[in-house]
Structure formats: structure tokens, C-alpha cells
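Trainee: what's the 3D shape of this:
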Amino acid sequence: MAMNANTTEYKESLKWTSEILEKKKDYAEHLRPGLEKARKAMDTKLKASKILSEASFGDDICHFEESELRVSALLGKGGFCDVFEIGEVRLNNFCGPKHKLNVFNTSSNETLEESNEREFEWTREMMAKNYIRKGSARFAI
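Mentor: Down below sits the predicted model:
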């Protein structure tokens, strides 16, 4: 008798689960056109953005190796990430792969890549010298 009751409950559970999944599928299909429209709008905005476009993502900021930064106090927690203060910036003697030039300058004129490279290195040096301001960390990650 117990076996039949369990079997009946199991079959009812499967039927109920199947109905819920079908409703979720219908709801997802209902949302699909709006989500697709939002995705296209976001793609358009991202491509037009000088800051967020994939073509230039990260090109306008200097990079640090993990070993160059000492992360200290937790400043806050959010839904996307945790934020920590940078307790110290200690530059390595060599530039990481992000800083190597990929151009060969055959003339005496400085290329845009070389100009950016010098600016990035200057920025890195300034950040390393000024990571503390009035006794507190200036930067966060």
C-alpha cells in the first residue's frame, strides 16, 4: 500500500514540476523579444562609447602586475564585487607584457603607441609615489 501511495505522489510531483517548467518556458518566450531589443540597444550604446567599446577596452588605462599592488582594507561589499584599498604600489623594474611596444619605429618621429607608453609609465610612477594622501590610501580596486 505504501508503495502505491509513494508512486502516486511521485507521479503527481512530476506532473506538477512539468507544468511549472512549461509555464516558465512560456514566460521566457514572452520575454524574449523585449530582451533582444534591450540587447541590441545596449550593443549600439557600447559600440558608440569611447570608454566601453571592446575595440578600446583597457587601451586608455595603465596596467599593473598583481605583484606590484598590496591590497589592504576592505572598503565595501556590493552585489558585483568587493572593493579594497590599495595599501602600497611597488613597481617592478621591468614593464609587464601590457607595456611592451609592438611597433618598430623606423623614423625619428615618435609614434602614438610610444607616446602612450611614456604616458602610462609616467602615470604608473606617479601612482607609486602618491598612493597615500593625508595618511589614507588614495586608490582602490
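Trainee: for the rest of this, base every contact and every neighbour count on C-alpha atoms.
Mentor: Will do.
Trainee: other SSEs contacting the helix or strand of the chain with the lowest mean pLDDT?
Mentor: Comparing every helix and strand of the chain by mean pLDDT, DSSP states H and E singles out helix 112-129 as the least confident one, with a mean of 79. Contacts of helix 112-129 with other secondary structure elements, assessed using 3 or more C-alpha pairs under 8 Å, 6 or more residues apart in numbering; DSSP states H and E, are made with strand 82-89.
Trainee: which residues are contacting the strand it packs on?
Mentor: By C-alpha atoms under 8 Å, 6 or more residues apart in numbering, the residues outside strand 82-89 that reach it are 68-77, 127-129, 131-132, 137-141.
Trainee: any buried residues in it, and which?
Mentor: Buried positions in strand 82-89, judged by neighbour count with 16 or more other C-alpha atoms under 10 Å: 84-89.
Trainee: got the CA coordinates for that strand in CSV?
Mentor: Coordinates of the C-alpha atoms in strand 82-89 are reproduced here as CSV (Å, rounded to 0.1, in the frame of the first residue of the first chain):
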residue,chain,number,x,y,z
ASP,A,82,34.2,43.8,-3.1
VAL,A,83,36.3,47.0,-3.0
PHE,A,84,39.7,47.1,-1.3
GLU,A,85,42.0,50.0,-0.8
ILE,A,86,45.5,49.8,-2.4
GLY,A,87,47.8,50.0,0.6
GLU,A,88,51.0,50.2,-1.5
VAL,A,89,52.2,50.4,-5.1
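Trainee: let me know the angle separating it from helix 112-129.
Mentor: Counting by axes from the mean of the first three to the mean of the last three C-alpha atoms, to 10 degrees, strand 82-89 points 90 degrees away from the direction of helix 112-129.
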